[in-house]
Every structure is written in C-alpha cells, then in structure tokens.
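In: give me a 3D structure for the following:
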Amino acid sequence: MPTITIDTTIFQQIFNATDPIVAGWLIFKAGGWIPALIVLIKGLSWVWLNERQGIFISQQKKVFLAIDIPKQNEQLPKAVENIFSHLLGAYSTSTKKERWIDGKVGAIFSFEIVSIEGYIQFVVMSWEKYRDVLEALIYAQYPEAEITEIEDYTQFAPQKWPDDEYLMFATEFVPKKGNFYPIKTYPEFEEKLAGEFKDPMAGLLESLAKLQPGEQIWLQLLVQVGPQDWIKGAEKLVKKLIGAKMPQAGPSLLQRAMDMPIEALALASASLSPAAVPAKKDQEARSQMLHLSPGERIVVEAVERKIAKIGHNTKIRFLYIAPKKSARTGTAIAFVRGALLQFTTHDLNSLGFNGLLTTKRDYFWQTNSLWYYLSATFYRTVNERMRINFRGYKNRSLWTGGKTFVFNTEELATFWHFPVLQVKAPLVKKTEAKRGEPPSGLPVMGGLGFRFGPPSAGGAAAAPVGEPSSATPAGGPPSNLPIA
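Out: Next up is the predicted model:
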C-alpha cells in the first residue's frame, strides 16, 4: 500500500508565526483559498439568481379579486383547504435555462383580509395567467360566490413612511418552532359531541368590524407553490423524536472544501507531535417509540399528520394604519394577537410577531436620539421596518422581510377561510343574490376615486380615508372608504 507523505514545512511556519496576518496568508496558501473561492462563487450565483427572479416576477401582471360568498354559507374550511391543495397544479419544474436565465419561480398567490373602518373584504391576488384557474377553484367550492376584479387598495394609503399624518404598526407572523410542528387547525375547533363548529375566524372578524373612522387593518397570507421537498426535513424530525437511527448524509462540497485546511493542519500536527487519537465511538440510537410518553407520542403523530398533506411556502403580514390623532395601536394589536392565540398549542407550535420586523418603540435606541443613529448600523430602525413591511406587502413579495416557512393546506385554511353561517359580523361583504346579477358592492369610481362599497346616500363620493364621515351607516359600509 503506498504511503502518503506530507510536507510539514508550511505547517511549521504557520505554527511558529506570531503575526496574525502572516499566519492567515500562510493558511490561505496552504489551501484556505479553496473555500474562499467556493463561497465567492456561491455568493455571485445567489446575486445573479436573485436578480433574474426579481425581473421574472416584475413581468407577471397581478390581478386583485374581491371574493363575496353567500350569506347562508355552510361550507367548512375544508372547502378552502381544497382550493389550497389544487393550487399545486400551478407548479411546474424548471429547466436550467428557465431557472438561471429566465429566473422562473413557482406561482405566488396572496390571500388577504382587509378591514377599512370596520368594512371587511376578502381579497385574493393572482398572477393574471392563473386567474381562470383560481376562479374555477373558487366557483367549484362556492358556486354562488361573486368574484369582482378591483384595484390594489394599498395604493390609496400613504406610500412613503414615516408619514406626517398617519401611523403604522406592522409585523410578520412566524411559527415559533419552525416549519415542521403544526399549529392548532380547524378540525380541533369542532365539538365532537354537539357536532358544532366553532369558527376561529369569528373572533377576528368581529374585532375587525369594530374599527373606527380612519383605521385600517390588512392581513396578508402569501402562498408560493413549489416542490414538496420540505417533507424530508419533517421526516428527519420524526426519526429524531422517536430515537430512530438516521443515515448520516455525506458533507457537502462546500463543507468538504472548508474542512480540507483544518484536516491538513490536524494531520500535520499529529505528524509533528504524535498522540493517541481515541477511536470514534459508534453512536447508534435505537427506536424509543415504545418508551415515549403520551405527550411525546401526540407530538410525533401531529408532525406526521402535517407531512401527510401538501405544503406551500408561506409568509404572513399584518399592517395597521390610522391617523396619528386617533390611532389605537394597542387595541388593534390586541385584536389580532388574541385571534392568533387560538392557534396555539404549547407542545406543538404557535404564531408570534417577528421581533426583527415589528415596528415598535419599546427601546430608547429606537427614538430620535444619539443612540438611534449609533444603533442604525446594527439594528433596523422603526422607520426602516415600516418601509420594509409596507414594500413587502404592496409588492406581495416573499423575499422582502423575514424568511418564509411551510404551512400545509390544513393550516392555511385554518388561518384564511370564509366565515361559516354562524359568524354574524355585520360588515363582512357577502353576496345578496346568486351569481349572474351584479353584486351590491362593485368597486365604484366616484368623483374622488375608488372604494370597495356602494355609493353613499345621494350619490355623493366617499371622503378620503381618515377624514370624518358625514354619516355612519348602521350595518353597512362606512362612507369614507379609501380613495385615490
């Protein structure tokens, strides 16, 4: 068997070097340039791919559809789950040219709930080429639904933040335990004995209906269809939870390249100063499924149930906009946070605010002081967070802000679905008649611009958002909906 000889001269020089710069240069010469080159190549390829994908997405025309479902809706969230499941049909694999030259990405849809002064509308954003598919899916589950194309309501809010007259609170919701642990889903809101479904949407819609003049709340559920390779990570988690033996994956090319100088140094050090190297023990873990506690068994079964359904890349945003003089930020936060707590299961997962993107002024360095400017280098300031959240919401961007996570179709339908018959929120837009007759809430171009609802009494145009209403109709849309 041939023997391998190592020239230890360079390593002796590294060990004897007292100047860090000289030692770093010697390490670079000894092979440290290899991982540096790989990192550089990967970084440049990421920048290129990100640029091409941005161009591809910008070329996709967006359409915004207001969805009004019948007042007597008896469909459970399972109907919306079917819609989310069928969206996977919009996914297609990409060739290398489509990925690296055209920047092709999976289709992106945005499912939104908008409350303008308590007047609530369900809105869906789709790329135009998937509009027919989306409408067909909705009509298949809700044959009497009304689907109306509207303008993007975000254009009627202030576009530059911070604003002199309006305040914004914004954040992203994130699962606290990552992708694979599920939140509490709609089947768990059904009382088995009584056979009654307690809609988790009820409390949220009742809260959104209580907004006052000038207040707006936007909720956005971004969904991107894609390959189901996330399941592999969930399966590894299951094996870890039950103590099953997992095959050890080989190191990546980057990891091997980064380990080369270290291994060479270790080998050279051993040749310079021979020492006994303890043999690596084989740490095989046997399955502990039979020894799991009842709580641990429930967790494993819940993760496996999540794997069983289709999952989509997801991002959830929340914006509250109101005039500074009448803003009720604490109340608005309580409305939405309280609704989120319904989905919490302490042994599984829950939704919380992304602290790195939440616009809040809880700390002294976030105010206009010396600390504010000194910390701007290391922390996102409040104003920066406002701009990031608003830009991400308006562009329906998965890449702006925090990382995406995976929700399966059951979790998506739990968070966003049309209210069932028992939900009595009076200002949720619903259809008055079967499809075929124009709905009562078609978008109106009044003298001052666009809004969701019908004209105010006497045909007068709506007042700009935030300005006092001439009247507050009971049980109907307010007269000062957003305008151009």
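
In: what's across from Leu65 in the sheet?
Out: Per DSSP bridges, the residues bridged to Leu65 are Val124, Glu149.

In: what does Tyr119 give?
Out: Ile116.

In: and it, how far from Pro175?
Out: The gap separating Tyr119 from Pro175 is 30 Å, by C-beta to C-beta, to the nearest Å. C-betas here are computed from N, CA, C, even on glycine.

In: which of these two has more neighbours?
Out: Taking neighbours as other C-beta atoms under 10 Å, Tyr119 and Pro175 compare with Tyr119 leading, 25 against 22.

In: which pLDDT value goes with the more buried one?
Out: On pLDDT, Tyr119 comes in at 93.

In: same thing with the one 3 residues further on?
Out: Among the per-residue scores, Phe122 shows a pLDDT of 96.

In: where's the nearest residue to it once chain neighbours are set aside, which helix or strand?
Out: Distance criterion C-beta to C-beta, 6 or more residues apart in numbering; nearest residue to Phe122, sequence neighbours excluded, is Ile67 at 4.6 Å. Under the criterion of DSSP states H and E, Ile67 resides in strand 62-70.

In: packing partners of the next helix-or-strand element following that strand?
Out: Next along the chain after strand 62-70, taking DSSP H and E as the criterion, comes helix 78-86. Other helices and strands packing on helix 78-86, by 3 or more C-beta pairs under 8 Å, 6 or more residues apart in numbering; DSSP states H and E, are helix 131-141, helix 409-415.

In: need the winner for burial among those.
Out: Greatest average neighbour count among those goes to helix 409-415 (a mean of 25), per mean count of other C-beta atoms under 10 Å.

In: put the alpha carbons of that one into CSV.
Out: C-alpha atoms of helix 409-415 as CSV (Å, rounded to 0.1, in the frame of the first residue of the first chain):
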residue,chain,number,x,y,z
THR,A,409,-53.2,23.1,3.3
GLU,A,410,-55.0,22.5,6.6
GLU,A,411,-53.0,25.2,8.4
LEU,A,412,-53.5,27.6,5.5
ALA,A,413,-57.3,27.0,5.5
THR,A,414,-57.4,27.5,9.3
PHE,A,415,-55.8,30.9,9.1
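
In: low-confidence ranges in the stretch 301-450 of the chain?
Out: 361-379, 421-450 (pLDDT under 70).

In: one more time with 80, if that's ok
Out: Counting by pLDDT under 80, the ranges of the stretch 301-450 of the chain that qualify are 360-380, 421-450.

In: next, the buried residues of the helix or strand containing Ile388.
Out: Here Ile388, judged by DSSP H and E, is contained in helix 382-395. Across helix 382-395, burial judged by 16 or more other C-beta atoms under 10 Å covers 382-383, 385-390, 392-394.

In: how many degrees apart are that helix and strand 62-70 in direction?
Out: 80 degrees (axes from the mean of the first three to the mean of the last three C-alpha atoms, to 10 degrees).

In: circling back: what's the strand holding Ile67 packed up against?
Out: Using 3+ C-beta pairs under 8 Å, 6+ apart as the contact test, the elements touching strand 62-70 are strand 119-127, helix 131-141, strand 146-150, strand 430-431.

In: can I get the ones you listed in a markdown table including distance to Thr404?
Out: Shown next, in a markdown table, are those (distance: least, C-beta to C-beta, whole Å):
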| stretch | distance to Thr404 |
| --- | --- |
| strand 119-127 | 16 |
| helix 131-141 | 20 |
| strand 146-150 | 26 |
| strand 430-431 | 32 |
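
In: to Asp164, which of these lies closest?
Out: Of all the helices and strands packed on strand 62-70, strand 119-127 sits nearest to Asp164, with 25.6 Å by C-beta to C-beta.
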